[in-house]
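Participant: Below are the sequence and a predicted model for it; my questions follow.
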Amino acid sequence: MSSTALAAALADIDTVFDGFANPGETGCGYCHSPEETAYLRTPSVRVPTDVVQYYLYEVPDHFDDHATAMRRLLPQAARALAEGSLGAIGHGAIGLSRVDWRSWPAAQAAALDTFLHAWWRHALTVPEPPYGIEEIFDACVTTARTVAPFLAAWERGPAADAHLVHCADVWLYDLLSDDSPFSWWYGESEAAGVAELRDWLSGTGAARLHALGEHDLAVRCALLALPHDQRWDHPYWGSASATN
């Protein structure tokens, strides 16, 4: 069941993006049938969920107008993401992360931004969201092209705390080696996003993990504040907890 804020955000998406279509869209004849491409030219007709998923993750050059195609799909795509009715997420770059949606008219940009934050805040309250919590975070921040607001929204609670433990463990695999945990972030803003995540985990995140009794995980997060070489030369790695 969605939260009140998420339900309102989805309703706004339905209203703001109703009626979008590109009547001249030809799509890619090699990847999609004429019947599938016809949905992109026809507004206000329900698109089969599998077609929504295909197009939501299709590369931009398979469209005559990728941005309009994303607008066309948004009412169903946002609801499918929130409800978990897509087969999977995280297997490719979500198309919304590859359009300059912040340059859209204010009402459109605000509707998408509000949805991303409402979806994330709701997912944090659900012990078992329909997709992996790290995949939802990835989809939200790569689409928004910013990390800090989503970290700031990470309120405390049983489900949210469990998600923090899981995500920290997953992200450290890359972050400790100065790699990005985001597989599908496009543009120069990725480096800033990774830095924001690293700084938060080494400070606020580590403190919260300590308070939760996750001391070993908290220590590893705190190491992210050190330069790469000092991080790996730290005495922690010689301890029993590290070797285990």
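Facilitator: Yes, it's here. Numbering: from 1, shown residues only.

Participant: need the contact list for the nearest residue to Tyr173 once chain neighbours are set aside.
Facilitator: In space, and not counting its chain neighbours, Tyr173 is closest to Pro181: 7.6 Å by Cβ to Cβ, 6 or more residues apart in numbering. C-beta: built from backbone N, CA, C; applies to glycine. By Cβ atoms under 8 Å, 6 or more residues apart in numbering, the contact set of Pro181 is 134, 138, 170-171, 173-175, 194, 197.

Participant: again, only this time at 7 Å
Facilitator: Shown in contact with Pro181 (Cβ atoms under 7 Å, 6 or more residues apart in numbering): 171, 174-175.

Participant: so can I have JSON lines of those residues showing neighbour count?
Facilitator: Formatted as JSON lines, those follow (neighbours: other Cβ atoms under 10 Å):
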{"residue": "Trp171", "neighbour count": "22"}
{"residue": "Asp174", "neighbour count": "15"}
{"residue": "Leu175", "neighbour count": "22"}
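
Participant: pull the helix or strand with minimum mean pLDDT from the chain.
Facilitator: Least confident helix or strand, the chain: helix 240-243 with a mean of 55, by mean pLDDT, DSSP states H and E.

Participant: residue closest to the middle of this structure?
Facilitator: The geometric centre of the chain, computed from its C-alpha atoms, lies nearest to Ala139 (Cα atoms, centre = their mean), at 1.7 Å.

Participant: Does that residue touch His91 like I think?
Facilitator: No: in this structure, Ala139 is not within contact of His91 by Cβ atoms under 7 Å, at 11.1 Å.

Participant: Might you report the residue contacts of Val99?
Facilitator: Taking Cβ under 7 Å, 6+ apart as the contact definition, Val99 lies against 66-67, 70.

Participant: Distance check, Glu83 against Trp119.
Facilitator: Applying Cβ to Cβ, to the nearest Å, the value for Glu83 to Trp119 is 10 Å.

Participant: higher neighbour count, those two?
Facilitator: Trp119 (23 against 12; other Cβ atoms under 10 Å).

Participant: pLDDT wise, what is that one at?
Facilitator: What the model reports as pLDDT for Trp119 is 98.

Participant: Help me confirm that it comes into contact with Ala82.
Facilitator: Yes: judged on Cβ under 7 Å, Trp119 makes contact with Ala82 at a distance of 5.3 Å.

Participant: Can you check which residues contact both of the two?
Facilitator: With Cβ under 7 Å, 6+ apart as the test, Trp119 and Ala82 both reach Leu6.

Participant: so how far is the first residue of stretch 32-47 from its last?
Facilitator: 13 Å (Cα to Cα, to the nearest Å).

Participant: tell me the phi and psi of the residue lying closest to Ala78 once chain neighbours are set aside?
Facilitator: Nearest non-adjacent residue to Ala78, counting by Cβ to Cβ, 6+ apart: Ile13, 4.8 Å away. Ile13 adopts backbone torsions of phi -60, psi -40, taken as degrees, to the nearest 10.
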